[in-house]
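Colleague: sequence plus predicted model, see below.
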Amino acid sequence: MKKLIKVSFIVTFILSAFTASAQMDKSKRPSPPDTVRATTSKGVAIEVAYSQPSVKGRTIGTDIATYGKVWRTGANEATTIQFSKDVKVEGKALPAGKYAIYTIPGEKEWTIMFNKGVKNWGTVYKEEDDAARVTVKTQKASSFTEKLTFKVDASGKVSFAWGDKMAAFVVK
């Protein structure tokens, strides 16, 4: 009987440890989560959910977010964007819904992909799941941003800055 109680205690302890680790506080991650949202003047609710990687002295384009290669545009789970209504992003039609955002960084322009793989881990990208792609000019950020930061404003402009880089697209 004592042996059964001891085994039950050990099993309970192990299950509790797994449950606790599965419910880990994501805000304590090195790349913490963030969510930004706004409603445009046309009534479109836009929400971006992402994790914030830090530059940590690395160079964007060579050390991280390598130019010419698909980047998850964040850290951890896939960065997602959600639209409450059908929209046009940089003139391209996109139905209402939730999409993963991937990018292909470049020195002068970035390609932004709106992908249907919203439940994928951030590093899992399948081109055949792209719902739309747009290309935008890369800009120099007004100030250095250590952690990736997205902004959404009522005009429909969605931008993200990281290090000394900034890219933006317009949602109508």
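Modeller: Nice, I can see it. Residues are numbered from 1 along each chain as shown.
Colleague: so residue 47 sits against residue 36, correct?
Modeller: Yes. Look at residue 47 against residue 36 with CB atoms under 8 Å: they come within range, at 7.3 Å. In short, each C-beta sits where N, CA and C put it, glycine included.
Colleague: in which helix or strand would I find residue 144?
Modeller: Using DSSP states H and E, residue 144 falls within strand 139-152.
Colleague: may I see the buried residues of whichever helix or strand comes after that strand?
Modeller: Proceeding N to C from strand 139-152, the next assigned helix or strand is strand 157-170, under DSSP H and E. Neighbour-count burial for strand 157-170, counted by 16 or more other CB atoms under 10 Å, picks out 158, 159, 160, 161, 162, 163, 165, 166, 167, 168, 169, 170.
Colleague: rewinding a little: mean confidence score for the strand holding residue 144?
Modeller: On average, the pLDDT along strand 139-152 is 96.
Colleague: format the CA atom coordinates belonging to that strand as PDB.
Modeller: Taking C-alpha atoms only, strand 139-152 is exported to PDB below (Å, rounded to 0.1, in the frame of the first residue of the first chain):
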ATOM      1  CA  GLN A 139      12.800  52.800 -45.000                       C
ATOM      2  CA  LYS A 140      15.300  53.900 -42.400                       C
ATOM      3  CA  ALA A 141      13.600  53.900 -39.000                       C
ATOM      4  CA  SER A 142      13.400  57.300 -37.300                       C
ATOM      5  CA  SER A 143      15.200  55.800 -34.300                       C
ATOM      6  CA  PHE A 144      16.900  52.500 -33.500                       C
ATOM      7  CA  THR A 145      14.400  49.900 -32.200                       C
ATOM      8  CA  GLU A 146      16.000  47.000 -30.200                       C
ATOM      9  CA  LYS A 147      12.800  44.800 -30.100                       C
ATOM     10  CA  LEU A 148      10.700  44.300 -33.200                       C
ATOM     11  CA  THR A 149       7.700  46.600 -32.900                       C
ATOM     12  CA  PHE A 150       4.500  46.700 -35.000                       C
ATOM     13  CA  LYS A 151       2.100  49.600 -35.200                       C
ATOM     14  CA  VAL A 152      -1.400  49.900 -36.700                       C
END
